[in-house]
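Colleague: how would this look folded up:
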Amino acid sequence: MNDPEMAELMKQDRELGNHAEDLAAQYQRASQDEKEKLMKLVVETVNKHFEVRQQRRKLTLDRMQKELERLRGEIELRNSQRETRVKQRVQELIGDGAPGF
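Modeller: Take a look at the predicted model:
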């Protein structure tokens, strides 16, 4: 992947997911005295994981919006150049001496 920003978020996503699962397993094995401390850690980790996943979604959405804007601009430009583009394509297909052009 040649996207350092997304790669970093994906790495954090994996690490936090694994960490939350490890903490949950520790919680299951813990004594009653340790469970309260571990529960706080689980909640903290899950909150961080949630935030990283939201950042990934937002980054994806922002990039999609930019791509949509680019495509809209391209469509508008091509529409404004329609007659010229059609003539050029017809000439490409049948040659420079096309009747009516």
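
Colleague: any idea how far residue 11 is from the residue nearest the centre of the chain?
Modeller: The centroid of the chain falls nearest to residue 60 when counting by C-alpha atoms, centre = their mean (2.3 Å). Residue 60 is 16 Å from residue 11, where distance means C-beta to C-beta, to the nearest Å. Yep, even glycine has a C-beta here, placed from its N, CA and C like the rest.

Colleague: what does residue 69 give?
Modeller: 29 Å.

Colleague: neighbours of the nearest residue to residue 17 once chain neighbours are set aside, how many?
Modeller: Once flanking residues are discounted, residue 17 sits nearest to residue 49: 6.0 Å by C-beta to C-beta, 6 or more residues apart in numbering. Neighbour count for residue 49, taken as other C-beta atoms under 10 Å: 19.

Colleague: could I get the average pLDDT for whichever strand or helix holds residue 49?
Modeller: Element membership for residue 49, per DSSP states H and E: helix 32-80. For helix 32-80, the mean pLDDT works out to 97.

Colleague: what's the answer for stretch 22-29, then?
Modeller: 97.

Colleague: same thing with stretch 3-11?
Modeller: pLDDT averaged over stretch 3-11 gives 97.

Colleague: report the buried residues of that stretch.
Modeller: residue 9 (16 or more other C-beta atoms under 10 Å).

Colleague: list the contacts of it.
Modeller: 1, 52, 55, 56, 59, 60 (C-beta atoms under 8 Å, 6 or more residues apart in numbering).

Colleague: restricting to C-alpha, output it in PDB.
Modeller: Presented in PDB, the C-alpha positions along stretch 3-11 are these (Å, rounded to 0.1, in the frame of the first residue of the first chain):
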ATOM      1  CA  ASP A   3      -0.700   5.400   1.400                       C
ATOM      2  CA  PRO A   4       1.300   6.100   4.600                       C
ATOM      3  CA  GLU A   5      -1.600   7.800   6.400                       C
ATOM      4  CA  MET A   6      -4.100   5.000   5.800                       C
ATOM      5  CA  ALA A   7      -1.400   2.300   6.400                       C
ATOM      6  CA  GLU A   8      -0.800   3.900   9.900                       C
ATOM      7  CA  LEU A   9      -4.500   3.900  10.700                       C
ATOM      8  CA  MET A  10      -4.800   0.300   9.600                       C
ATOM      9  CA  LYS A  11      -1.800  -0.600  11.800                       C
END
